[in-house]
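>>> My questions are about this predicted structure, shown below with the sequence.
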Amino acid sequence: MSEENSDPSGSDSGGEFERERVPDSALLGSGKFWGMYAGEHAAGTEFMIGPLFLAAGASLQDLILGLLLGNLLAVLTWRFLVTPIAMAKRYTLYYQLERIAGGSLVKFYNLVNGLLFCFLAGAMVTVSASAVGVPFDIKFDVPESMFGLSNPAFTALVFIVGVVIALVAAGGYQRVARVANIAAPWMIAVFAACGIVAMGQMGATNWSSITEGKFWTDAVAFVQEKNGTETFGFWKIVVFAWLCNGAMHFGMADLSIFRFAKSKASGWAPSIGMFLGHYMAWIAAALLLAALIKTQSAMALGDDGKVVANPGLLAFQSLGWTGIICVVIAGWTTANPTIYRAGLAFQGILPKSSRTTMTLVAGAVATLAGAFPNLSAQLLGFVGTYGTVLGPMGAVICVDFYLLKRFGMRDEYAARHGQSVNVAVMLAWLLPVAVGLYLIFWQGLFAAYAVVPCWLACGVLYLLLSKVMQKPSNEAASNAQI
């Protein structure tokens, strides 16, 4: 069987093609991707991440310019790194890695991958629940402990919201894309309205009046007086904006999405999420916190006297019920594709299981994670950490696709030799990640700074180790398993 064809053991489960190439008949036009990325990245976490920049001491000028450059780099990475490989192979990330790294190693990777995606989706569940709780006067308490629960009423809300999100994600990519397409235009308009209303609440009519009136700097000073002093400069903002989704582009998780792309133009779809979500929406959400501090500073404080960025409350104070509905739906449209990805990862561990079942398992884990509000409060660090852990495997895929044959080696080596563990992949992944995690957790390195060095180190190691460990090409060809 030629390497372009599907694994005979794979089967189409509900039109998702988890273990075979996506056929031409199932390819999707660019519109599906623009809607999904708009819904996923102009989303609930924007209400959480935006205020964190203000709380971390970023200046407004650095935020505007840093996000502009960082998001541009992210779009280019999706378009020129992920899309060409996705369209050439048309496999999920997990099946493609299985062919390169071996089934046993990829099962471990899939477990790590799925769990980290579930924790990320859990933050979205928390955000949506914070909005549902506002009209019912259910308080969004953030405990001191990382894995401390909020009050019982809020925890119950988290589980209700989590069930709804999991059921939508279990419907598959088509349903995820349909929900995002419907919700995205309205959500983007609401985000813009939040920023405009917040400026009006502060008595500002343009950006210069905000800086000249010291609204931004006064809000930064207030938060840092209550929560402690931090600094978040221009290049830190650039790197964060570029690499906060590092697992999805550098780590190639979105191979699972773009394998359905009919044309390379779909690879520009992340730009709508980056510039309307990670640019406009982050700034608008930060302005919401600045406005709340100026107008009703006591409402921004938790029981411990520290500033709490409650997404539901911030949106409600600016747009009332419209803001509440926006936060709820925005949380759903981000969590849905994240849980979908996690479900595919878990299915990679148990290939005979159905994608629907594994997606529901992922939804349950994400809902459990959402019950711990302090996880969502750590998003600036968490997204860099999961990019550091998951991103380097994307380098393995890039080297395997572009370089191995040019250097006289065989691509998809594990599939050709029936290996359960490709030792070259294992060492190339784990060694840089171990160093990266050491620098993050023991040396205090900002997590996003580790993503690119770990990615490059992994790619170089994989190329060198493959040269040493692979059998000669002619023997590999005679032993081909595909």
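Yes, it's here.

>>> Can you get me the start-to-end distance on stretch 397-412?
9 Å (C-alpha to C-alpha, to the nearest Å).

>>> Return the distance of it from the chain's centre.
Centroid separation for stretch 397-412 versus its chain: 28 Å, with C-alpha atoms, centre = their mean, to the nearest Å.

>>> List the buried residues in it.
Applying a neighbour-count criterion of 16 or more other C-beta atoms under 10 Å, one finds 397-401, 404, 409-412 buried in stretch 397-412. (C-beta placed from N, C-alpha, C; glycine too.)

>>> Take these and keep only those in helices.
Cross-referencing the buried residues of stretch 397-412 against helices under DSSP state H gives 397-401.

>>> could those be laid out in JSON lines, adding distance to G200?
As requested, these are arranged in JSON lines below (distance: C-beta to C-beta, whole Å):
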{"residue": "I397", "distance to G200": "48"}
{"residue": "C398", "distance to G200": "47"}
{"residue": "V399", "distance to G200": "52"}
{"residue": "D400", "distance to G200": "53"}
{"residue": "F401", "distance to G200": "51"}
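
>>> Go through the longest helix along the chain and flag the buried ones.
Criterion DSSP H: the longest helix present in the chain is helix 103-133. Buried residues in helix 103-133, counting neighbours by 16+ other C-beta under 10 Å, are found at 103, 105-107, 109-110, 113-133.

>>> Please work out the average pLDDT along that helix.
Averaging pLDDT along helix 103-133 yields 86.

>>> after it, next one along is what?
Toward the C-terminal end, the helix or strand that comes next after helix 103-133 (DSSP states H and E) is helix 152-170.

>>> and that following helix, how far from the chain's centre?
Using C-alpha atoms, centre = their mean, the offset of helix 152-170 from its chain centre is 19 Å.

>>> Buried residues, it. List them.
So for helix 152-170, counting by 16+ other C-beta under 10 Å, buried means 154-155, 157-158, 161-162, 164-166, 168-170.

>>> CA atoms only: put that helix into CSV for me.
Presented in CSV, the C-alpha positions along helix 152-170 are these (Å, rounded to 0.1, in the frame of the first residue of the first chain):
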residue,chain,number,x,y,z
PRO,A,152,-20.6,25.2,46.4
ALA,A,153,-23.1,27.3,44.3
PHE,A,154,-20.3,28.4,41.9
THR,A,155,-19.0,24.8,41.7
ALA,A,156,-22.4,23.5,40.7
LEU,A,157,-22.6,26.2,38.0
VAL,A,158,-19.3,25.0,36.6
PHE,A,159,-20.6,21.4,36.3
ILE,A,160,-23.8,22.5,34.5
VAL,A,161,-21.9,24.7,32.0
GLY,A,162,-19.3,22.0,31.5
VAL,A,163,-22.0,19.4,30.5
VAL,A,164,-23.4,21.7,27.9
ILE,A,165,-20.0,22.4,26.4
ALA,A,166,-19.0,18.7,26.3
LEU,A,167,-22.2,17.8,24.5
VAL,A,168,-21.6,20.4,21.8
ALA,A,169,-17.9,19.3,21.3
ALA,A,170,-19.0,15.6,21.1
